[in-house]
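Enquirer: Sequence first, then the predicted structure:
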Amino acid sequence: DTEVTQTPKHLVMGMTNKKSLKCEQHMGHRAMYWYKQKAKKPPELMFVYSYEKLSINESVPSRFSPECPNSSLLNLHLHALQPEDSALYLCASSSEGSSTDTQYFGPGTRLTVL
Amino acid sequence: GNSVTQMEGPVTLSEEAFLTINCTYTATGYPSLFWYVQYPGEGLQLLLKATKADDKGSNKGFEATYRKETTSFHLEKGSVQVSDSAVYFCALSPGAGGFKTIFGAGTRLFVKA
């Protein structure tokens, strides 16, 4: 099973809402990633977890809050977002995060902030 | 620093045409190089990779060779199909600290029947 699943597929939220994105993998991978992708742009790294510990935070605003409850699950909690945060949010995982590792991506959550 | 430059798109080809998408990189140390593909409405998936100089990655008729002397990793396919229409991202993963994959801007390919 080389699948990364993400829920929900689509999300519309107001600027005062609180919502969460969920990502799951069962490949035994120990590195998990959140990316943000705007239309016609490459993915931008937001966060990396390695062995369930936050390893990289790419200066992401605090209205995005990641959580890694266990080695298979990754959440992204959203609060007080802005319309410019509307984008495709991609989760990925890799074996350990070495330079030769392939990243496996989920299908993404399409987020619209009104 | 590390960076990836790939050719601007979109690229429009007829079915069975030859495809080349150019990719060059700047990196310190010994990076691994990747091509990822993103089909409409989907996440990225690995197309092929090469982890050291002179390695050739290949998959589904696509090929790319890791050329250290020209710092290039050009993607080629001898005969494209309509189903190859997608966005192609060249990427590198630094030799030290593999978490921060650097992606090129992406090249959109349209293949006409």
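Expert: Great, that's in hand.

Enquirer: Let me know the pLDDT of residue 52.
Expert: Reading this off chain A. A:Glu52 is assigned 94 on the pLDDT scale.

Enquirer: wait, chain B
Expert: 92.

Enquirer: my guess is it meets B:Tyr66, correct?
Expert: Yes. B:Lys52 lies in contact with B:Tyr66 (CB atoms under 8 Å); the separation is 6.7 Å. In this view, the C-beta of every residue, glycine as well, is placed from N, C-alpha and C.

Enquirer: For the two, indicate the residue with more neighbours.
Expert: Using other CB atoms under 10 Å in any protein chain shown as the criterion, B:Lys52 and B:Tyr66 rank with B:Tyr66 on top: 20 against 13.

Enquirer: Spatially nearest residue to the more buried one, not counting backbone neighbours?
Expert: Of all residues not flanking B:Tyr66 in the chain, B:Ala50 sits nearest, at 3.9 Å (CB to CB, 6 or more residues apart in numbering or on different chains).

Enquirer: was I right about A:Glu96 contacting A:Arg30?
Expert: Yes. Under the criterion of CB under 8 Å, A:Glu96 makes contact with A:Arg30 at 5.3 Å.

Enquirer: Quickly list what's touching both of these two.
Expert: A:Ser50 (CB atoms under 8 Å, 6 or more residues apart in numbering or on different chains).

Enquirer: Next SSE downstream of the host helix or strand of A:Leu21?
Expert: In this assignment (DSSP states H and E), A:Leu21 forms part of strand A:18-25. Toward the C-terminus, strand A:18-25 is succeeded by strand A:31-37 as the next helix or strand (DSSP H and E).

Enquirer: Give the pairing partners of that next one; include direction for each.
Expert: strand A:44-50 (antiparallel), strand A:87-94 (antiparallel) (DSSP bridges).

Enquirer: Check these for me and report the most buried one.
Expert: strand A:87-94 (a mean of 24; mean count of other CB atoms under 10 Å in any protein chain shown).

Enquirer: just to revisit the earlier point, from the chain's centre, how far out does the strand holding A:Leu21 sit?
Expert: 8 Å (CA atoms, centre = their mean, to the nearest Å).

Enquirer: I'd like to check the angle between that strand and strand A:31-37, please.
Expert: Orientation note: strand A:18-25 sits at an angle of 130 degrees relative to strand A:31-37 (axes from the mean of the first three to the mean of the last three CA atoms, to 10 degrees).
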